[in-house]
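Peer 1: Fold the following.
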Amino acid sequence: MTMTTQKTILITGASRGIGFLTAQKLVQEGHIVYAGMRDLDGRNAEAAKALSLFAEGLAGKLVPVNLDVADEKGVEQAVAAIEAERPIDVLVNNAGVMPVGLTEGFTMEQAKDLFDVNVYGVMHLTRAVLPAMRARKSGLVISLSSVAGRFGMPFFGLYCASKWAMEAYCESLHYELEPFGVESVLVEPSGHGTDLVSSAPAPGDAVRVGQYGDYSKGRDRLLGMFQGMFDQGDAITDAGNVATKILELITMDAPRPIRTQVGQDMGVTALNDATAPIQAQLVTGLKPVYLGAAS
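Peer 2: As a prediction, the model looks like this:
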């Protein structure tokens with residue numbers, strides 16, 4: 001890999017799942033990877049060590065970074081420290097949480113905590129890297145959404161809401177950043193074999209959940225179904241597919257697609273194809289106004 005093709009990449013949520021696999025794949029391909037994760041010296045120390053050992057002897061370089069996406073000041077400091085060493089070419093917003101259960105059963109505190117990670121965390125990181133990217137007129141922000149960011153699902157209401165918000169934010173940025181040579185794109189995975197299911201937070205309001213009676217057991221039934229799919233080791237649910245798609249987006253030439261779906265389609269490709277012309281028409285109509293070219 002030449003210096004012109006080697007990228008400096010910051011990825012969040014790299015301690016496990018898709019983030020861990022993506023960090024491995026990127027460093028294996030010769031890139032310089034800053035693997036962001038919380039509690040670097042505590043519960044994620046083993047993950048950081050495993051990534052560092054994996055990178056030994058490879059053409060790329062991997063640097064674990066202590067990073068809590070919900071901590072705006074901490075994010076700014078981490079990004080500034082990396083930029084002091086080398087420019088960040090690519091940001092991969094991967095960190096996320098997937099609560100599952102009756103939507104009414106989640107407390108407002110749980111909702112705020114979720115948005116701190118899934119929405120505001122994306123905003124913290126993106127805002128931190130954009131000034132330097134705009135100044136260089138070069139940069140790529142890849143944000144991991146979900147098929148759940150394109151429709152509503154029973155027992156996934158809070159998760160869907162956070163991903164819908166993230167999608168709107170990232171797509172709006174896609175158009176705003178176009179004149180500055182920076183791209184904001186989305187990856188929309190379906191369910192993949194990570195610990196996102198086994199670690200899914202449950203509703204915290206037992207009284208509200210109890211009022212639903214046996215219906216509330218739908219959470220366990222759904223989680224059992226998804227876990228059964230993943231345990232079968234179906235190739236379509238392999239989390240490595242998402243890592244591969246992220247690498248493809250990084251290496252392809254601009255302009256990149258706004259949305260890239262990975263895994264079980266669940267009708268999302270058809271939905272994206274149907275709404276893309278409508279979105280394009282809207283932006284085309286607004287562009288002369290916000291660019292000051294309207295008569």
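
Peer 1: quick one, strands of the stretch 151-295 of the chain?
Peer 2: Using DSSP state E, counting those that start in this stretch, the strands of the stretch 151-295 of the chain run over 182-189, 259-262.

Peer 1: Now mean neighbour count, mean pLDDT and distance to Val97 too, for those, in TSV please.
Peer 2: To be clear about C-beta, it is placed using only N, CA and C from the backbone, and glycine gets the same treatment. What follows is the strands of the stretch 151-295 of the chain, written out as TSV (neighbours: other C-beta atoms under 10 Å; pLDDT from 0 to 100; distance: least, C-beta to C-beta, whole Å):
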stretch	mean neighbour count	mean pLDDT	distance to Val97
strand 182-189	23	98	15
strand 259-262	22	95	19
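
Peer 1: I'd like the ones you listed written out as JSON lines, with distance to Ile88 added.
Peer 2: Formatted as JSON lines, the strands of the stretch 151-295 of the chain follow (distance: least, C-beta to C-beta, whole Å):
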{"stretch": "strand 182-189", "distance to Ile88": "11"}
{"stretch": "strand 259-262", "distance to Ile88": "21"}
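
Peer 1: I would like the residues contacting stretch 173-180, please.
Peer 2: Stretch 173-180 is contacted from outside by 126, 130, 133-134, 137, 141, 183-185, 258, 283, 291, using C-beta atoms under 8 Å, 6 or more residues apart in numbering.

Peer 1: what's the weakest-modelled helix or strand in the chain?
Peer 2: In the chain, the helix or strand scored least confidently by mean pLDDT, DSSP states H and E is helix 218-231, which has a mean of 87.

Peer 1: Can you check the pLDDT for Gly233?
Peer 2: Gly233 is assigned a predicted lDDT (pLDDT) of 64.

Peer 1: meant to ask about Met3
Peer 2: With respect to pLDDT, Met3 has a value of 53.

Peer 1: Same question for Leu177.
Peer 2: 98.

Peer 1: State the phi and psi torsions of it.
Peer 2: According to degrees, to the nearest 10, the main-chain angles of Leu177 amount to phi -90, psi -10.

Peer 1: ditto for Asn66
Peer 2: The phi and psi values for Asn66, taken as degrees, to the nearest 10, are phi -70, psi 110.
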